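>>> The following block contains a protein sequence and its predicted model.
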Amino acid sequence: MGNDDKPKPDFAAGLKALAMPMTSAEQVTDSSDYGKTPSLGNVVVPTEITVKVLNDIVDKYIDKFVKRFPKLIMQVHFTSNGQPPTPPDLWDAEAEKPVSGRFLKVGNEYRIGTNNDLILPAQLMTFFHEYGHAVYKREANEAIDNSHALIRTETAALLSSLRLSEEEGLPEIAYLSVYGARQAALTDPIYQAAIKNVEADPLWQKYSEQPSD
């Protein structure tokens, strides 16, 4: 089965400071590891995200997805390059590139890849974002093969990262999502357009400015 989707912009491409080389999600087990987190200016990075918290939240939303769409399967893979497993018939140059995360539809399987070299909060942020792509794909049922469709799916993914952060009571993840989107928009017109689409959304406005100390 062919893939009619164009490569989507890498959401956290601007968050290279959130990468922790030589550290996987399995190796980081408690908040004490966040002493190694690089400075991100005034961006608030949460310290309460652990591997268990991350896995529990991911499992929760996988369960929600398959209950809502019972004919579909959702898989989430934490990989060294952020790519989900790609079958040979869908393999292309994009499947080899290191990314923060990627959503890929393979038949009735909705696969999400998340880069496990990111710190845990960024992994969760990436999952929330890619989950938005997955939900949008199922709801819209359109080929993501042109710039207009790319803008629509990125808009949905941006809002997903904010809404799920809000639902889980994790404002720091929402702030991180806004920061990541703005960094991506510095060089990506798709993100520039997606941000324009969400500027009036109450959640974007709520998390658009970092809280003062």
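Right, received. Where do you want to start?

>>> Can you classify the nearest residue to Leu120 once chain neighbours are set aside as helix, strand or coil?
What sits nearest to Leu120 in space, not counting adjacent residues and going by Cβ to Cβ, 6 or more residues apart in numbering, is Ile49, at 4.4 Å. Quick note: C-beta positions are derived from backbone N, CA and C, even for glycine. Classification of Ile49 by DSSP: H, G, I helix; E, B strand; the rest coil places it in coil.

>>> and Ile49, what pLDDT?
For Ile49, the pLDDT comes out at 88.

>>> ok, it - how many residues close by?
Neighbourhood size, Ile49 [other Cβ atoms under 10 Å]: 23.

>>> would you list every one of the helices in this protein?
Secondary structure of the chain (DSSP state H): helices located at 51-68, 120-140, 147-167, 171-185, 189-198, 202-207.

>>> Need the nearest residue in space to the residue nearest in space to the middle of the chain, chain neighbours excluded.
Centroid check for the chain by Cα atoms, centre = their mean gives Thr126 as the closest residue, at 2.3 Å. The shortest distance from Thr126 to any non-neighbouring residue, by Cβ to Cβ, 6+ apart, is to Gly101 (3.9 Å).

>>> ok, the one you found touching Ile112?
Yes: assessed by Cβ atoms under 8 Å, Gly101 is found in contact with Ile112 at 6.7 Å.

>>> quick revisit: how about JSON lines for the helices of the chain, with distance to Ser80 added?
Formatted as JSON lines, those follow (distance: least, Cβ to Cβ, whole Å):
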{"stretch": "helix 51-68", "distance to Ser80": "16"}
{"stretch": "helix 120-140", "distance to Ser80": "12"}
{"stretch": "helix 147-167", "distance to Ser80": "22"}
{"stretch": "helix 171-185", "distance to Ser80": "20"}
{"stretch": "helix 189-198", "distance to Ser80": "25"}
{"stretch": "helix 202-207", "distance to Ser80": "30"}
